[in-house]
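> predicted model, plus sequence, below.
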Amino acid sequence: MPSNAIKLLAGNSHPELAKRVSERLGVELLDMSVFKYSNQETSVIMRESVRDEDVFVLQTTSPGEDLNDHLMELLIIVKACKTASARRITAIMPNFPYARQDKKDKSRAPISAKLIANMIQRAGCDHVITMDLHASQIQGFFDVPVDNLYAEPLTLRYIRENFDYKNAVIVSPDAGGAKRATALADRLDLNFALIHKERSRPNEVARMTLVGDVQGKIAILVDDMADTCGTLCKAAEILTNNGAKQVVAIVTHGILSGNACEKVTASKLSRLVVTDTVPHAEKKARCPKIDTIDVAPTLAEACRRTHNGESVSFLFGHAFV
C-alpha cells in the first residue's frame, strides 16, 4: 500500500461492512487488536504506524448490550491514533449513537447526543462521517466538520429497480419524517401521504390517523430508523385497511430491538428494507421479510473524496454500486 494511501481501521461493531469498504477502497484494514481485559476494560493494540497518516476509523453502534462497548472502542481507537501522531482522524459512524437524545424534551433531561459529540472530539477526532442523522442539528454539536450522508439516492434506486413505482405513494409514518418523505416523493414524481401518531409513552403508539389516499396503491413507508417496529407495523395495518394493495417499509437504520423481527413477520408489511449501517444478519435469518441495501460503496466513496480533498456533496444526490 503506498505511503499516502488511506489508513482504514475498524472496531468490532461491524466487521462485514468494514471489509466491504476496504475492498472498495483497495486498501487493507490496519493491523490492530481490540479486546477486553477480564475486568471488561477495553484495550487497543496497534501494530502499524499511523504517524502523519490520514486515518479513517469505521465504527457503527450495534443495538443491544454492545452499544456502549462499541462507543468506548471508537473513543479509545481515536485516542490511540492521536497519541500515535496521525495527521488527521476521521470517524465513520454510519449509525450515530444516542441520536434520539438530541434535545431537552422534559425537565432535567440530558442532551446525550451533545455529550457524545464532546467525547468524540475530546478523544482527538478531526472529522466525522455519518448517515441519516435522526436530527440534523446534531451536526451543530460538533466543532469539527461533519458530513451527514443520505440514504435517499440508494432508496430511490431500490424503488425504481424493485417496484412498479408509478403506481406507488410515499408515506411518512409520522409528522417528523414528512420532509424526508416529500423529498423522495418529489424525486419520483409521486403522491405523498402522512400518518399522524400520538404516543402514550416512548416506543409505544396510542393512536394513528392516515392523511392522504392510498387506495389501490403500493404504499412505501420511509423512515430513518426502525427500532421496536411498533410504528411501522401499526402503520402497515392502517394503510392496508385504507385500501393499499401492498405495504413496504424502507428505513436507513435497522435497529430491530427486542421482538421486532417477530412483529414484522406477523405484520401486514410485505417487505422491510434496511441498509447495513447496523449489522442485522442474525435478524435477517429470523425474519424472511427483511431485505438489505449495501452502503459500503457510498461510505468508501466518501472516504476517497475526503482523502483527496474532493466535494462530498456529490454523494447527496448520487448512488454508488
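Happy to help now that I have it.

> with adjacent residues omitted, what lies nearest to Val292?
Wrong residue type there; residue 292 is Thr, not Val. Closest residue to Thr292 apart from its sequence neighbours, by CB to CB, 6 or more residues apart in numbering: Asp276 at 5.5 Å. All C-beta atoms are positioned from the backbone trio N, CA, C, and that covers glycine.

> how about Thr292, secondary structure?
At Thr292 the chain is in strand, as set by DSSP: H, G, I helix; E, B strand; the rest coil.

> for Met119, same thing?
helix.

> wait, it touches Leu75, no?
Yes. Under the criterion of CB atoms under 8 Å, Met119 makes contact with Leu75 at 6.0 Å.

> look at those two and report which has more neighbours.
Leu75 (22 against 15; other CB atoms under 10 Å).

> which residues touch the more buried one?
Met119, Ile120, Ala123 (CB atoms under 8 Å, 6 or more residues apart in numbering).

> wait, what's in contact with the first one?
The neighbourhood of Met119, defined by CB under 8 Å, 6+ apart, consists of Leu75.

> state the distance from it to Ala113.
11 Å (CB to CB, to the nearest Å).

> just the last one next, same as before
Per CB to CB, Ala123 is found 16 Å from Ala113.

> and the helices in the stretch 1-150 of the chain?
15-25, 67-83, 112-123 (DSSP state H, counting those that start in this stretch).

> for these, which one ends up most surrounded?
Ranked by mean neighbour count, these are led by helix 67-83 with a mean of 20 (mean count of other CB atoms under 10 Å).

> orientation of it relative to helix 112-123 in degrees?
Helix 67-83 runs at 30 degrees relative to helix 112-123, counting by axes from the mean of the first three to the mean of the last three CA atoms, to 10 degrees.

> all further residue positions should be reported with the first residue as 52.
Noted, 52 is the first residue going forward, which turns the last one into helix 118-134.

> pLDDT averaged over helix 118-134 - what is it?
The pLDDT scores in helix 118-134 average 96.

> and stretch 280-294, what's buried?
Cys280, Gly281, Thr282, Leu283, Cys284, Lys285, Ala286, Ala287, Ile289, Leu290, Thr291 (16 or more other CB atoms under 10 Å).

> with that, I have no additional questions.
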